[in-house]
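[1] structure of the sequence below:
(chains A, B, C and D)
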Protein chains: 2
Amino acid sequence: MRNLETVLTTGARMLADDPTASISAIAAAAGVDRRTVYRRFASRDELLFAIYDARLAAVDAAIESARLRESPVPVALHRFAEGIIEVNRRWPVELTRLRTEPTIQERRGRSTAEVAAFLQRATEEGFLRADLPDGWALRLLIQLLHLASNEDMSAPQAADLLVHTLLTGVGT
Amino acid sequence: MRNLETVLTTGARMLADDPTASISAIAAAAGVDRRTVYRRFASRDELLFAIYDARLAAVDAAIESARLRESPVPVALHRFAEGIIEVNRRWPVELTRLRTEPTIQERRGRSTAEVAAFLQRATEEGFLRADLPDGWALRLLIQLLHLASNEDMSAPQAADLLVHTLLTGVGT
DNA sequence: CACAAGTGCTACAGTGATGTGACAGATCAA
DNA sequence: TTGATCTGTCACATCACTGTAGCACTTGTG
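    Numbering: from 1, shown residues only, chains lettered A, B, ... in the order given. Got it, this is the predicted structure:
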């Protein structure tokens, strides 16, 4: 069903700027009856879960195709950034509350571990400074990804800006 | 009354990680009866407004004491970062929804304009690159402030890390 | 002590969202 | 066309939160 996909993406978009958006509102925006949503998802939480799950799947796909383990660091970083920016734009999810859920947490943890390992490699190969606080580069990268996703430019352009900012900052 | 301040700071903290936190929950966490909150604030929105207002006041104070117009750019930047980090920690408000309110919007706009002007000066004096997309440095700085605020280190340390990252990035 | 102000507690009406049921109409495959 | 599946709609119970009312109790100030 195309409708289901529409509900998920629309829901993601709406919940992004108002986490309290009701199922009625989401259904209406997706051009679907509220009752139909309840036929697909037993509860509100299940819908949120499905949305988050879709996002996580997209993130995993982006990580996969970035080849973080194999490609040269600069190449992988660019591909990863571009991929995640596209994911963030299609799934602008900000369901921080769901991160409590163990299943989500575990799965999300695996993805971030992948990225953390990549940053570790980048450090070892001399692309990142080695004297940074633990996890700082990772958290910085994630924030920059959100920031770049909201920039009014193409994904490749945004990725370029992001990588350049990440590595060299905005100073002279 | 000390209670009022407690309600505001507690509310800020609770609403930061769950924007739907009820007045009952906030009151309970602040060690106050729900009815007492309603005696101070006519409605829920008025409480949110008061919290946001307290944060804005703290931000203004931080901007003020940073002397963004007069001090040398590096000095002002450090003072500003340190001040805002402390504000973010005391008022971890993420009431993006309130930004619709015209009063808030206008007041918030004045603060950010002040910072934007400072960044403009920093660019003119050669501390920031001049070829950045419009507003990128400002949005980046704001995000970095949130990020640094959550780091487990003292405000001055976090400010150092922030400024260094902002200006030179994390690359080698 | 006495008075005033503030707070806690119980209770209540109103509202909006959630989740469920039943039925009619639409869609699509055989 | 017929049967099965999906969807829209009206209806309903439930629940949590909001906002208000009245009364009893505590606290501080003269």
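[2] buried residues, the helix or strand bottoming out on mean pLDDT in chain A. List them.
    None of the helices or strands of chain A scores lower by mean pLDDT, DSSP states H and E than helix A:2-17, at a mean of 88. Applying a neighbour-count criterion of 16 or more other CB atoms under 10 Å in any protein chain shown, one finds A:7-16 buried in helix A:2-17. Just so you know, the C-beta spots here come from the backbone N, C-alpha and C atoms, and that holds for glycine as well.
[3] what do you get for stretch A:128-135?
    A:128-129, A:132.
[4] including pLDDT and secondary structure, could the residues you listed go into JSON lines?
    Rendered in JSON lines, the data for these read as follows (pLDDT from 0 to 100; DSSP: H, G, I helix; E, B strand; the rest coil):
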{"residue": "A:L128", "pLDDT": "98", "secondary structure": "strand"}
{"residue": "A:R129", "pLDDT": "98", "secondary structure": "coil"}
{"residue": "A:L132", "pLDDT": "98", "secondary structure": "coil"}
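[5] one step back: nearest to chain B, of the buried residues of helix A:2-17?
    A:A16 (10.0 Å; CB to the nearest CB).
[6] quick one: the closest one and A:W91, what's the gap?
    A:A16 sits 9 Å away from A:W91, going by CB to CB, to the nearest Å.
[7] how about the residues of chain A by DNA strand D?
    A:1, A:3, A:31-36, A:39-40 (CB under 7 Å from any atom of the strand).
[8] near DNA strand C, list only the ones from those.
    A:R35.
[9] re earlier: which other helices and strands contact the least confident helix or strand of chain A?
    Contact here means 3 or more CB pairs under 8 Å, 6 or more residues apart in numbering or on different chains; DSSP states H and E; on that basis helix A:2-17 packs against helix A:23-29, helix A:34-40, helix A:44-66.
[10] TSV for those, including mean pLDDT?
    TSV is the format used below for the helices and strands packed on helix A:2-17 (pLDDT from 0 to 100):
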stretch	mean pLDDT
helix A:23-29	95
helix A:34-40	94
helix A:44-66	95
